[in-house]
Every structure is written in structure tokens, then in C-alpha cells.
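> okay, structure incoming, though there's no sequence with it:
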């Protein structure tokens with residue numbers, strides 16, 4: 001029962017903010033990344049993604065479920081998802097990501113598999129991860145009926161301590177430290193509902209005290 005809140009919220013949003021029509025198609029892209037290297041692997045994102053996919057299918061969604069994707073794979077499936085949404089303006093879209101996330105300069109980044117150990121500076125997040133705005137832009141471009149974005153991507157920040165005070169070269173000023181978690185959205189696009197696992201600049205646990213298969217969110 002402790003994980004029921006998220007499922008109830010999704011069901012409420014779907015059945016109260018979307019009017020059923022013959023043309024309406026509910027499409028979901030669900031990604032769970034857990035197999036990070038270097039001691040940054042996560043326990044529950046794949047379980048979370050698989051369980052949510054089951055719930056969404058019961059709610060009438062056509063679900064694309066992907067786990068442990070690298071950067072190229074993430075860009076590819078998000079692009080394909082955007083193309084599906086574009087087929088009909090009556091479509092309802094839902095994107096869910098569970099895994100590591102980070103912010104830098106008020107931009108949010110979703111962490112692919114294989115990116116963790118390759119990052120040498122916060123600026124490389126733009127090139128080696130997936131900017132959350134890319135997901136929003138792909139969905140926004142579809143101009144469809146409604147979009148829901150759920151980001152359970154604010155795990156403990158392994159990057160803040162790694163980059164804090166790091167200098168590009170001797171004598172240069174330290175790079176700005178990174179905040180915890182994800183940044184608050186600058187503006188929510190029209191027709192979107194965006195949900196975060198925790199408050200801005202905070203991070204969520206990857207586990208429950210009883211060792212359950214899902215994250216607290």
C-alpha cells in the first residue's frame with residue numbers, strides 16, 4: 001500500500017484530465033536505469049519501471065518499457081516516442097524516468113548507463129547525458145492533447161562532491177558546485193503535468209527501510 005499514492009495520482013490524472021474519445025491513444029515511455037558502474041548502481045529503478053509499466057497497461061496505455069539504456073539509446077527511444085505522439089493530436093503521452101539525475105546551471109540531466117565515470121566536469125553533462133528539456137521538447141513538438149512527465153531522477157548526488165571546487169587549470173577559479181537533486185522547472189509548457197520525486201534541490205532515497213523492491217516514491 002505504501003506505493004499506492006503514485007499509482008492513484010496517475011489514474012486520477014488520466015481519468016479526470018482526459019476525455020475519452022475513439023481517436024485518443026495513450027502512449028507511455030518508461031525508462032529505468034540502475035546498472036551504473038563505479039559503486040553508483042541503484043537497487044530499484046528497474047523494478048519501479050516494470051511495476052509502473054504494468055499499471056499503465058491496465059490504464060489503457062501502449063507502453064514502451066526500456067531499462068539500462070546508454071545515451072544513444074535514450075535519445076533514440078525518446079525520438080521514437082515523440083514521433084508516435086505526433087501521429088494524432090488526440091494522443092495522451094506519459095514519460096517516466098527512474099535513475100540518477102543531476103542539475104547544473106538550473107538545467108536538469110537524466111543519467112544514461114555508462115556516463116557516470118566518464119564525466120570530468122559539470123559542463124560535460126550536456127554532452128554525455130540527456131537533458132530533460134530534450135524530452136519536453138520532443139513531447140511539446142507533437143502538439144498533442146496532454147502530456148505527463150514523471151522524474152524519479154534525483155538520487156543522491158555523486159557529482160557534487162566529485163566536482164566541488166575543481167579547477168580547470170592552476171590559478172583558475174574553482175568551478176561552481178552543483179546543487180542536490182533536480183532544479184525547479186523554469187516554466188511548465190501548456191498541456192503538461194510534471195511530477196518530481198522530491199522537492200527542488202533535494203534528493204530521494206533509492207530504497208525503503210524494509211528493503212522493498214521499489215523506491216519510496
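Cool, got the structure. Keep in mind the model is a prediction, meaning the values are calculated, not measured.
> for this structure, what spans make up the strands?
26-32, 61-67, 92-98, 101-104, 107-110, 130-131, 146-152, 192-196 (DSSP state E).
> tell me which helix or strand of this protein sits lowest on mean pLDDT?
helix 158-163 (a mean of 54; mean pLDDT, DSSP states H and E).
> what sits closest to residue 46 if chain neighbours are left out?
residue 32 (4.4 Å; CB to CB, 6 or more residues apart in numbering). All C-beta atoms are positioned from the backbone trio N, CA, C, and that covers glycine.
> quick one: the one you found from residue 152, how far?
9 Å (CB to CB, to the nearest Å).
> what touches both of these two?
Shared contacts of residue 32 and residue 152, defined by CB atoms under 8 Å, 6 or more residues apart in numbering, comprise 45, 48, 97, 98, 99.
> for residue 97, see how far away residue 142 is.
Residue 142 is 18 Å from residue 97, by CB to CB.
> which one's more surrounded, the two?
Using other CB atoms under 10 Å, the more surrounded residue of residue 142 and residue 97 is residue 97, with 28 against 21.
> report the beta-bridge partners for the more buried one.
residue 31, residue 151 (DSSP bridges).
> which residues sit in contact with it?
Neighbours of residue 97 in contact, by CB under 8 Å, 6+ apart: 31, 32, 33, 110, 135, 150, 151, 152, 153.
> need the per-residue pLDDT for it.
With respect to pLDDT, residue 97 scores 95.
> likewise residue 129?
On the pLDDT scale, residue 129 gets 93.
> next: the one 10 residues further on.
pLDDT recorded at residue 139 is 95.
> ignoring the adjacent residues along the chain, who's closest to it?
In space, and not counting its chain neighbours, residue 139 is closest to residue 147: 4.7 Å by CB to CB, 6+ apart.
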